[in-house]
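Engineer: what follows is a predicted structure for the sequence shown.
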Amino acid sequence: MPALDPDLKKAIVHMPGVEKDKLLLRLIAKDATLSEKLYFELVERGQTVDERRELIRDFIRRTATLNADSAGWLMMDMRTVSGYISRHFKVTKDKYGEVELMLYMLNTFYDHNAHLLHKYNSRSDKAAGYIAKRADQVLKKALKLDPDYHIEFANEINKLLRWIYGNAPAHYARQMGLPTEWSV
């Protein structure tokens with residue numbers, strides 16, 4: 001997005017308040033994520049983070065139990081859920097929740113669909129790569145959190161790593177240098 005011309009900035013600042021408000025409201029209405037972020041910050045006052053997390057957890061549970069026919073469909077379902085988690089982070093800036101929800105997603109999909117990724121083959125290749133990349137992302141994000149949170153995530157991360165190294169994503173996990181165990 002190009003920077004605003006300094007003359008335009010001055011003109012906008014000197015606009016009458018009513019005109020500025022109308023223009024601002026029109027612009028905000030065109031960006032759904034910005035609208036949701038402002039609603040979260042100004043109306044909900046940031047107090048609904050837990051409820052928003054729980055809604056996403058419910059969505060993850062429902063989606064993971066859909067019984068995907070193939071690893072490809074499983075990956076598509078995971079990508080859909082991942083989009084909701086990313087939107088949650090964009091709206092709330094909830095770093096802890098992003099890590100928690102991503103771990104919950106990966107482990108829940110494993111619990112319900114492990115049979116689709118038991119062996120590495122051409123059908124499981126893309127999903128295996130996707131899972132390894134997501135695991136790498138979640139480990140990096142978990143490391144950036146306060147060290148006090150590392151203990152909270154240790155069991156879930158180690159469960160995920162055991163699953164990855166015992167199934168199709170192991171090939172990609174080794175290439176990416178994922179640890180076999182996460183120590184606090």
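Structural biologist: All right, it came through fine. Residues are numbered from 1 along each chain as shown.

Engineer: from now on I want contacts and neighbour counts done on CA atoms only, so please keep to that.
Structural biologist: Fine.

Engineer: and the contacts of stretch 158-175?
Structural biologist: 103, 106-107, 110, 117-121, 124-125, 127-129, 131-133, 135, 179-182 (C-alpha atoms under 8 Å, 6 or more residues apart in numbering).

Engineer: which helix or strand in the protein has the lowest average pLDDT?
Structural biologist: helix 6-13 (a mean of 85; mean pLDDT, DSSP states H and E).

Engineer: same question for the next helix or strand after that helix, mean pLDDT?
Structural biologist: Per DSSP states H and E, the first helix or strand lying C-terminal to helix 6-13 is helix 17-29. Summarised as a single mean, pLDDT over helix 17-29 is 87.

Engineer: tell me what the helix or strand following helix 17-29 is packed against?
Structural biologist: As assigned by DSSP H and E, the chain's next helix or strand after helix 17-29 is helix 32-38. If contacts are counted by 3 or more C-alpha pairs under 8 Å, 6 or more residues apart in numbering; DSSP states H and E, helix 32-38 sits against helix 17-29, helix 71-92.

Engineer: pick the most buried one from the ones you listed.
Structural biologist: helix 71-92 (a mean of 18; mean count of other C-alpha atoms under 10 Å).

Engineer: ok and the following helix or strand past that helix relative to helix 71-92, angle-wise?
Structural biologist: Using DSSP H and E, the helix or strand that follows helix 71-92 in sequence is helix 95-113. Using axes from the mean of the first three to the mean of the last three C-alpha atoms, to 10 degrees, the direction of helix 95-113 lies 160 degrees away from that of helix 71-92.
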